[in-house]
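Undergrad: Requesting a structural model of the entry that follows:
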Amino acid sequence: MYFDNHTNFPNATLNPRLLWEYNFEEVDFLKMRNIIIQRVVERGWPNDWYFILNTYGMEGVKSAILEIPYLNDKDMNFVSILFNIPLTSMKCYEKKQSQPQRWTS
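TA: Modelled structure (predicted):
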(Lines give C-alpha, C1' and ligand atoms only; values in the text may rest on other atoms or scores of the structure.)
Protein backbone atom coordinates (compact mmCIF):
# COMPACT_ATOMS: atom_id res chain seq x y z
CA MET A 1 0.00 0.00 0.00
CA TYR A 2 1.09 3.55 -0.64
CA PHE A 3 0.99 4.61 3.03
CA ASP A 4 2.51 1.48 4.58
CA ASN A 5 5.17 3.61 6.23
CA HIS A 6 2.65 5.70 8.23
CA THR A 7 4.12 4.44 11.52
CA ASN A 8 7.35 6.23 10.64
CA PHE A 9 5.46 9.52 11.14
CA PRO A 10 4.05 9.34 14.69
CA ASN A 11 4.03 13.13 15.04
CA ALA A 12 1.98 13.76 11.91
CA THR A 13 -0.73 16.37 12.44
CA LEU A 14 -3.95 17.20 10.68
CA ASN A 15 -4.07 20.44 8.73
CA PRO A 16 -6.70 22.60 10.51
CA ARG A 17 -7.73 24.09 7.16
CA LEU A 18 -9.42 20.79 6.30
CA LEU A 19 -11.96 21.54 9.04
CA TRP A 20 -12.23 25.25 8.36
CA GLU A 21 -15.85 25.58 9.51
CA TYR A 22 -15.18 24.04 12.94
CA ASN A 23 -13.31 25.37 15.95
CA PHE A 24 -10.27 23.12 15.61
CA GLU A 25 -9.43 23.22 19.33
CA GLU A 26 -12.88 21.76 20.14
CA VAL A 27 -12.95 19.02 17.49
CA ASP A 28 -13.74 15.58 18.89
CA PHE A 29 -11.62 13.35 16.68
CA LEU A 30 -13.58 10.22 17.60
CA LYS A 31 -17.06 11.61 16.97
CA MET A 32 -16.00 13.36 13.75
CA ARG A 33 -14.04 10.42 12.34
CA ASN A 34 -16.04 10.09 9.13
CA ILE A 35 -15.95 13.81 8.37
CA ILE A 36 -12.22 14.01 9.02
CA ILE A 37 -11.47 10.98 6.86
CA GLN A 38 -13.69 12.28 4.06
CA ARG A 39 -11.87 15.63 4.08
CA VAL A 40 -8.47 13.91 3.99
CA VAL A 41 -9.57 11.69 1.09
CA GLU A 42 -10.85 14.71 -0.81
CA ARG A 43 -8.19 17.31 -0.01
CA GLY A 44 -5.49 15.86 2.22
CA TRP A 45 -1.73 15.83 1.82
CA PRO A 46 0.46 12.86 2.83
CA ASN A 47 0.90 14.27 6.34
CA ASP A 48 -2.89 14.28 6.80
CA TRP A 49 -3.05 10.65 5.61
CA TYR A 50 -0.35 9.69 8.12
CA PHE A 51 -2.39 11.38 10.84
CA ILE A 52 -5.63 9.50 10.13
CA LEU A 53 -3.84 6.17 9.73
CA ASN A 54 -2.00 6.66 13.03
CA THR A 55 -5.13 7.92 14.82
CA TYR A 56 -7.79 5.50 13.56
CA GLY A 57 -5.71 2.57 12.28
CA MET A 58 -6.07 0.86 8.93
CA GLU A 59 -9.35 -0.85 9.83
CA GLY A 60 -10.83 2.32 11.31
CA VAL A 61 -10.10 4.25 8.12
CA LYS A 62 -11.54 1.44 5.99
CA SER A 63 -14.75 1.25 7.99
CA ALA A 64 -15.18 5.03 7.80
CA ILE A 65 -14.67 4.97 4.03
CA LEU A 66 -17.47 2.41 3.75
CA GLU A 67 -19.81 4.82 5.58
CA ILE A 68 -18.94 8.09 3.79
CA PRO A 69 -22.10 9.26 2.01
CA TYR A 70 -20.43 11.11 -0.89
CA LEU A 71 -17.14 10.96 -2.77
CA ASN A 72 -16.49 11.99 -6.33
CA ASP A 73 -15.59 9.28 -8.86
CA LYS A 74 -11.85 9.92 -8.69
CA ASP A 75 -11.66 9.77 -4.89
CA MET A 76 -14.00 6.78 -4.73
CA ASN A 77 -11.83 4.79 -7.14
CA PHE A 78 -8.62 5.89 -5.40
CA VAL A 79 -9.66 4.61 -1.95
CA SER A 80 -11.18 1.50 -3.51
CA ILE A 81 -7.81 0.59 -5.00
CA LEU A 82 -5.71 1.86 -2.08
CA PHE A 83 -7.60 -0.09 0.59
CA ASN A 84 -8.79 -2.97 -1.60
CA ILE A 85 -12.46 -2.13 -1.01
CA PRO A 86 -15.00 -3.17 -3.64
CA LEU A 87 -16.84 -0.15 -5.01
CA THR A 88 -20.18 -1.87 -4.54
CA SER A 89 -19.68 -2.08 -0.77
CA MET A 90 -19.22 1.69 -0.38
CA LYS A 91 -22.20 3.79 0.68
CA CYS A 92 -21.19 6.61 -1.68
CA TYR A 93 -21.28 4.19 -4.62
CA GLU A 94 -24.72 2.89 -3.67
CA LYS A 95 -26.10 6.43 -3.36
CA LYS A 96 -24.63 7.41 -6.69
CA GLN A 97 -26.22 4.38 -8.40
CA SER A 98 -29.64 5.14 -6.91
CA GLN A 99 -29.71 8.65 -8.40
CA PRO A 100 -31.42 8.94 -11.79
CA GLN A 101 -29.00 9.65 -14.63
CA ARG A 102 -29.74 12.61 -16.89
CA TRP A 103 -29.54 12.41 -20.62
CA THR A 104 -26.47 14.13 -21.99
CA SER A 105 -27.40 14.37 -25.66
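Undergrad: How about residue 72, nearest residue that isn't a chain neighbour?
TA: Distance criterion CB to CB, 6 or more residues apart in numbering; nearest residue to residue 72, sequence neighbours excluded, is residue 42 at 7.7 Å. Every residue, glycine included, has its C-beta placed from N, CA and C.
Undergrad: go on, residue 41?
TA: Of all residues not flanking residue 41 in the chain, residue 75 sits nearest, at 5.2 Å (CB to CB, 6+ apart).
Undergrad: secondary structure class for the residue lying closest to residue 18 once chain neighbours are set aside?
TA: Distances taken as CB to CB, 6+ apart put residue 39 closest to residue 18, at 4.3 Å, once the chain neighbours are dropped. Here residue 39 is recorded as helix under DSSP: H, G, I helix; E, B strand; the rest coil.
Undergrad: Residue 85 now?
TA: Counting by three-state DSSP, the backbone at residue 85 sits in coil.
Undergrad: quick one, phi/psi of it?
TA: phi -110, psi 130 (degrees, to the nearest 10).
Undergrad: ok so, going back, neighbours of the residue nearest to residue 41, how many?
TA: 17 (other CB atoms under 10 Å).
Undergrad: helix/strand/coil for it?
TA: Three-state call for residue 75 (three-state DSSP): helix.
Undergrad: how much space between it and residue 7?
TA: 24 Å (CB to CB, to the nearest Å).
Undergrad: Could you tell me which residues make contact with residue 55?
TA: By CB atoms under 8 Å, 6 or more residues apart in numbering, residue 55 lies in contact with residue 29.
Undergrad: From the rest of the structure, what touches stretch 74-85?
TA: Stretch 74-85 is contacted by residues 1-3, 41-42, 58, 61-62, 65-66, 71, 86-87, 90, 92-93, 96 when judged by CB under 8 Å, 6+ apart.
Undergrad: ok now it, how far from the chain's centre?
TA: 10 Å (CA atoms, centre = their mean, to the nearest Å).
Undergrad: in that stretch, what's buried?
TA: Residues of stretch 74-85 classed as buried: 75, 76, 79, 80, 82, 85 (neighbour count, 16 or more other CB atoms under 10 Å).
Undergrad: Brilliant, that's me finished.
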